[in-house]
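Peer 1: would you be able to build a 3D model of this:
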Amino acid sequence: MSYIAVIGSGSWGTTLASLLSKKGFDVILWARKKEVAESINLHKENTFYLQGIPLHENLFCTNNIFEAVKKARFIVSVVPTQFIRNVFSPLKDTINGDTIIVSASKGIEKKSLKTPSQFLSEIFNRNIYVLSGPTFAIEVAQEKPTAVTISGHDSEERLLLQEIFSTSYFRVYEHDDPIGSEIGGAVKNIIAIASGICDALNLGNNARAALITRGLQEIIRLGKRLGAKEITFSGLSGLGDLFLTCTSNLSRNYTVGFRLGRGETVEEISKSMRSVAEGIETSLSVMQLSLKLNIEMPITEQVYRVIYEHKNPQEAAKDLMNRTLKPEFY
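Peer 2: Residues are numbered from 1 along each chain as shown. Here you go, the predicted model:
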């Protein structure tokens, strides 16, 4: 009879499950792979995605997703965005009507061009909450100071979730703009790929600062068109997450960009990575969304062309610099 079910046993899902277990909650973690569940249950370590981090002794992992969610009062989704629908659609009649669902995934679905909270809300006909912010799983697992935001439409449930997730090292703020939090968390991965390319090409600190700043403008333009609040993008799930992901080789997306800039193909990079770099798929989703909504997103466009059209990264950087001159804010 689990109280909290965490769905997805990658580094971030495992970290959140262990954090909640340490707080004394009854937590069950779902893993798609049998060997991941065995590693966690037998050795109290996720040797596949979070090596060297001891997990709480009361944390239990299962491969049976129906077992995981059937009695859950809270469900935390940490499944890569492109797989969420397939994982959760079969659970429509299993999850209790009063269960609170939190999405901690970052991306935009290719098929629908919707964020996780949008299509999960359609599947389960309820409000979905979003946990987002500048977080490297390994640092949270090591109990290094971290701040995030929980966002959603019901203030009482937000405050409850804020208390549930908060610890002495994991500070949780609350906000009422889930779509803004998700757009910030999704598009920042694309800008991080561009930042990695920038550094691999040795374009300098000036270039990276400009890239991050102009990338933020792309996030704001898309977010506002989708109904987000502009102030959200100056917060943890906006600028905070963008800065972190664009400036560290701990970021999977930055690493993808750096390797692209060094001449590797996206196919080679993807095969060598154990964890999903959401920015690869999200660049396609956001490119399609920008065309659909007629929003100018030049950095996103160039990242898309490098990944999906095999454009030379140096040519992509040149084309960004040689665009038509215009006002900074428009």
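Peer 1: which secondary structure element contains residue 171?
Peer 2: Using DSSP states H and E, residue 171 sits in strand 170-175.
Peer 1: okay, buried residues for stretch 60-78 please.
Peer 2: By 16 or more other C-beta atoms under 10 Å, the buried positions in stretch 60-78 come out as 60-63, 65, 68-70, 72, 74-78. C-betas here are computed from N, CA, C, even on glycine.
Peer 1: which residues in the stretch 1-150 of the chain form helices?
Peer 2: Ranges of helices in the stretch 1-150 of the chain, per DSSP state H, counting those that start in this stretch, are 11-22, 34-43, 65-69, 81-88, 116-124, 137-141.
Peer 1: correction: the stretch 201-330 of the chain
Peer 2: Counting by DSSP H, counting those that start in this stretch, the stretch 201-330 of the chain has helices at residues 205-225, 241-246, 252-261, 266-272, 278-293, 298-308, 313-321.
Peer 1: let me have the ones you listed in CSV, extended by mean pLDDT, distance to residue 145 and mean neighbour count.
Peer 2: Converted to CSV, these look like this (pLDDT from 0 to 100; distance: least, C-beta to C-beta, whole Å; neighbours: other C-beta atoms under 10 Å):
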stretch, mean pLDDT, distance to residue 145, mean neighbour count
helix 205-225, 98, 22, 18
helix 241-246, 98, 13, 24
helix 252-261, 97, 21, 25
helix 266-272, 94, 31, 12
helix 278-293, 97, 24, 21
helix 298-308, 98, 30, 22
helix 313-321, 98, 35, 16
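Peer 1: select, out of the ones you listed, the one closest to residue 35.
Peer 2: With C-beta to C-beta, the closest approach to residue 35 among the helices of the stretch 201-330 of the chain belongs to helix 266-272: 19.4 Å.
Peer 1: quick revisit: can you tell me which of the helices of the stretch 201-330 of the chain is nearest to residue 33?
Peer 2: Between residue 33 and these, the tightest spacing by C-beta to C-beta is seen for helix 266-272, at 17.5 Å.
Peer 1: how far away from the center of its chain is that closest one?
Peer 2: Chain-centre distance of helix 266-272: 20 Å, with C-alpha atoms, centre = their mean, to the nearest Å.
Peer 1: packing partners of that helix?
Peer 2: helix 252-261 (3 or more C-beta pairs under 8 Å, 6 or more residues apart in numbering; DSSP states H and E).
Peer 1: now the helix it packs on, how far from the chain's geometric center?
Peer 2: Helix 252-261 has its C-alpha centroid displaced from the chain centroid by 16 Å (C-alpha atoms, centre = their mean).
Peer 1: what's it in contact with?
Peer 2: Helix 252-261 has contacts (C-beta atoms under 8 Å, 6 or more residues apart in numbering) with 189-190, 192-201, 245-249, 266, 268-269, 273, 275-280, 303, 306-307, 313.
Peer 1: for stretch 216-223, same thing?
Peer 2: 179-180, 183-184, 187-188, 191, 230, 232-233, 238-239, 242, 286, 289-290, 293, 295-300, 329.
Peer 1: which of the buried residues of stretch 60-78 lies closest to residue 155?
Peer 2: Closest approach to residue 155 among the buried residues of stretch 60-78 (C-beta to C-beta): residue 74, at 17.1 Å.
Peer 1: what's the end-to-end length of stretch 116-135?
Peer 2: Using C-alpha to C-alpha, to the nearest Å, the end-to-end distance of stretch 116-135 comes to 18 Å.
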